[in-house]
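Trainee: coordinates only, sequence not included:
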């Protein structure tokens, strides 16, 4: 069996690893709920990570880095919006294109700025988001079970981790309690209903795509300035796609997205500790299997074997007026 | 809003400016073209306040286009819109809503997984937060339900509601936006007779409360039952506006169809042979489980043309598609005594063609042709397994196919006679000739032919008609579906009239007339089965 | 809006897209403080000005022809197969198993066996997404993405835990036996008069060209291809004609996956001569750019594959001899996909306006 200390370690890294997934997943939620499919989350995250890493290095401020990350990601979101909303291009192909563009341009930029093989120099001090110790963390530590959980797992993360979970609540509230959320959900299901109600479909979709840009920016900034100390080539390593998988797994709902991202983050944390897995299940589980688990689960969901994932009905289709 | 009593149609009133103008809506000189198609030509219409005004016309007459212009969905090429006597430009739906116009589209604009309440407030919310809007809407909905007999559960999801209830939500949406003028586009097309009756009661209630209702339909019965005045449209023009009380279904039918130049088709007497197609109790349900074909039975003999008359949307399309193997059906069908499977394996277009059934579909753009394919590629569409088009076991003989296409294009006078042109670059008439040539030249035992001359110029119409007769004289059985009554009259050897998924009766074209057929098409059966 | 003349549609639209991509790439190079002219000079000299460069350009192009054809066949059926990368990796597994576990007497037979293995494994990897699309409506773009990642994990597992020879550290299979060695261009009599030094381009290049012909025949000369294209253009019309959608989706995706898998005989059998991790190294994705650039026609695919071969070899040379990183080629790849695939409408609108400008004076003169 696994001792409590090990479990806490794994849960701690689960939170760390789930955060970029969660931010990217919520980012995708806005775009896809508005009817614009986005397989370019990966590219936006990567761009943001590079911008954040570089600016944080120059300014010595993680916050400036985060803003730069959001800016970089927004540029890509803008291209995606112009392509798939204004010119009614193929949303999926646009996403693929942006991912390649990001993959290349980040290395090109980082290399020309720093000449260190496409990475930024290591970030130190205020250039990284520090770990916040929550109130009473040390005082509560002696309390059995709950104390260590609070002090070691819940406390001690960067502010972006907490922000991600606040954004889950915020997204839920926006989606189900505000006018904007109602329209957003409607435009992804039936843009004609929104259009005939006198609301601009394109403007609504553009705003959603921009929010996607902001959240991907945070996800990328977290990668470069909190989870790791600087930008490295291809550092997102497919997280944009795992986030996409989590979004499908969660059936495009925010709270469930949090659950899916924590689950997938847990798999990632386990993949770092194959020794623990082996001890718990009493057999050798190949690490690649743990890596692939999020994708396998998503395929099962897509196939309708584990619940049915019905994407927003108007997703993927540019809106053209029709009677 | 000033209220006018029913019957006071204000026909001879003159529009004045100001809030107490006599007309809720006045359209002046509205024209709209989609590419080469003139959907509306110089339309003038005046709708008196507090009345139910019908707009009737055949499919494609331009009714829906006109109303979409009024709702700001399309922009007219020219013309003016007056609302309550004031010139009101309507560039978008928002402006229409502001002007007090509400529209219930033929295809509902509802978000399926939203509640009734959410659909109603969408776009008309009060402030940024939903809760207050929802609470207000709930109260308002309660009032509207009482005032207009529009009872709907505000928390039900749209996808769980019947079509009739969904339509009520659309009406409520318009009323919630304080619409004084309500446009309904073919509202009964999706309703059961009971639901339709309820709808008309609702509309009467709206009128009694001073609202103006514009009812677009192609069903004569509804016009006669529900409206105060009626405007008739034909081929993009406004033909007449009359008081409903002073007209008759026959007169309206005549106005709708129009006295077109009756194309004389030289046609010898039919010599019917053995029974080729036998259909018994054919039924089709659509994806919403609504029964579209409600037990149809008939026979067609060799050398005979059976024409199906009827207003579009009464089951003709389903009949053709079921026989053509495009959709599943129940019942029995046989071709020359051999069973035709109506579902499962063998109920597909390839099996039908192998059995000797050729099919000119009603919709050549979505079914009959691949518009991006060249003319010669289209000539093999559906017949790609034909041995004549194969070079060997692996490859098709495209040279033979092109030669064949050139011959058929010459015989059917397709212009330009270039088999390398993609189908989309031909005119409608020439596209149709390609389809007709492909199907007729297969020398089928049975030809299914739907709307053979829709969108086809006069010269081509005559030619296509001749080919159909020639095929009949060669001994084929032909099932002809057309919304053009004179086409049915001049081509058919026997006429069946369809209404609401059923055959209302069979008539002999020599002894019947348009009036009798028109009544049957409207679902009115006065006399017993004569023919 | 007026239609573009056919020649403009076929040739001008991709050329304009390519030019736009090139201009932006040049701006990127300037932005990182380098000289675009120098870049293009280095690229041309290193990839097409001598036999050695051609030996690499053609080697890359060979892989891209396969993956480009794979995307093309699926596209004609209206399916966007983004899973070429995973299918190509599985193809590599097929090659490795066929070559390592069957003692082939001669390279020709080994090539045949390896091809069958590559195509079968690639097709099998495409089969599940195809089935899920046809029968359960699962979006094939998403499932093929997922299958790319599942493939990557599967390959790591196979290489680390199953196929790695005992005592070896790197995740790779044993070297293939010499009987399975495919002749490279410098080993083929006649061709070696041009290619004097060792180059990776090998006989697979000719198989790739042959497959381009086969795909062309399939799509435009057979009943099956006719049905695939008809289904891809209009599903509703396909129903009228009695074309079975499930059958077409399955067959088109199996062919597509098989073609992507076949790529492995070039890189795994012809070049590396053992199976390494990440064997497809992005060629599956480049297939998307190649197919879009080549307008989904085998001739276009071959030309676009050559162009990308040049870009790949030239990009590698840039990495070696200039300060421009090798990743420039990924940027160009992204731009080409963006302009030819997603901003097609914009390019067309642009061209149509320009054509209209030239047309108007003529009308006025008449």
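Mentor: Arrived safely, thanks for sending. Because the structure is predicted, anything quoted here is derived from the model rather than measured.

Trainee: all strands for the stretch 1-150 of chain B, in order.
Mentor: For the stretch 1-150 of chain B, applying DSSP state E, counting those that start in this stretch gives strands covering B:23-34, B:37-48, B:52-56, B:78-83, B:86-87, B:101-104.

Trainee: Now mean pLDDT too, for the ones you listed, in a markdown table please.
Mentor: Putting the strands of the stretch 1-150 of chain B into a markdown table (pLDDT from 0 to 100) gives the following:
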| stretch | mean pLDDT |
| --- | --- |
| strand B:23-34 | 92 |
| strand B:37-48 | 90 |
| strand B:52-56 | 94 |
| strand B:78-83 | 94 |
| strand B:86-87 | 92 |
| strand B:101-104 | 94 |
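
Trainee: and those strands as CSV, adding distance to chain C and mean neighbour count?
Mentor: C-betas here are computed from N, CA, C, even on glycine. Below are the strands of the stretch 1-150 of chain B laid out as CSV (distance: least, Cβ to the nearest Cβ, whole Å; neighbours: other Cβ atoms under 10 Å in any protein chain shown):
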stretch, distance to chain C, mean neighbour count
strand B:23-34, 13, 19
strand B:37-48, 16, 20
strand B:52-56, 30, 26
strand B:78-83, 21, 17
strand B:86-87, 32, 12
strand B:101-104, 27, 25
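
Trainee: Dump those strands into a markdown table; add distance to residue B:451 as well.
Mentor: Shown next, in a markdown table, are these (distance: least, Cβ to Cβ, whole Å):
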| stretch | distance to residue B:451 |
| --- | --- |
| strand B:23-34 | 19 |
| strand B:37-48 | 16 |
| strand B:52-56 | 20 |
| strand B:78-83 | 30 |
| strand B:86-87 | 40 |
| strand B:101-104 | 27 |
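
Trainee: what about these, which gets the closest to residue B:204?
Mentor: strand B:52-56 (7.6 Å; Cβ to Cβ).

Trainee: what helices or strands is the closest one leaning on?
Mentor: helix B:63-70, helix B:193-208, strand B:212-217, helix B:220-226, strand B:229-234 (3 or more Cβ pairs under 8 Å, 6 or more residues apart in numbering or on different chains; DSSP states H and E).

Trainee: wait, which of these is closest to chain A?
Mentor: helix B:63-70 (5.6 Å; Cβ to the nearest Cβ).

Trainee: what angle separates the closest one from strand B:229-234?
Mentor: Put simply, helix B:63-70 runs at 110 degrees to strand B:229-234, going by axes from the mean of the first three to the mean of the last three Cα atoms, to 10 degrees.

Trainee: How far off centre is helix B:63-70?
Mentor: Taking Cα atoms, centre = their mean, to the nearest Å, one finds the center of helix B:63-70 at 15 Å from the center of the full chain.

Trainee: Show residues contacting it.
Mentor: A:323, B:25, B:27, B:30, B:32, B:39-40, B:43, B:45, B:55-57, B:74-76, B:81, B:90, B:96, B:101, B:103, B:106, B:183, B:185-186, B:214, B:216, B:233 (Cβ atoms under 8 Å, 6 or more residues apart in numbering or on different chains).

Trainee: run the last query once more with 7 Å
Mentor: Helix B:63-70 is contacted from outside by A:323, B:25, B:30, B:32, B:39-40, B:43, B:55, B:57, B:74, B:76, B:81, B:90, B:101, B:103, B:106, B:183, B:185, B:214, B:216, B:233, using Cβ atoms under 7 Å, 6 or more residues apart in numbering or on different chains.

Trainee: Repeat that for stretch C:169-189.
Mentor: Contacts for stretch C:169-189 (Cβ under 7 Å, 6+ apart): C:55, C:96, C:99-100, C:104-107, C:110-111, C:156, C:159-160, C:163-165, C:191-192, C:195-204, C:269-270, C:273-277.

Trainee: In that stretch, which residues are buried?
Mentor: C:171, C:172, C:173, C:176, C:180, C:181, C:182, C:183, C:184, C:185, C:186, C:188 (16 or more other Cβ atoms under 10 Å in any protein chain shown).

Trainee: how far away is residue A:178 from residue B:149?
Mentor: According to Cβ to Cβ, to the nearest Å, residue A:178 and residue B:149 sit 33 Å apart.

Trainee: Pick out whichever of the two has more residues nearby.
Mentor: residue A:178 (17 against 14; other Cβ atoms under 10 Å in any protein chain shown).

Trainee: tell me which residues form a beta bridge with that one?
Mentor: residue B:129 (DSSP bridges).

Trainee: tell me the contacts of it?
Mentor: With contacts defined as Cβ under 7 Å, 6+ apart, residue A:178 is in contact with B:128, B:129, B:130.
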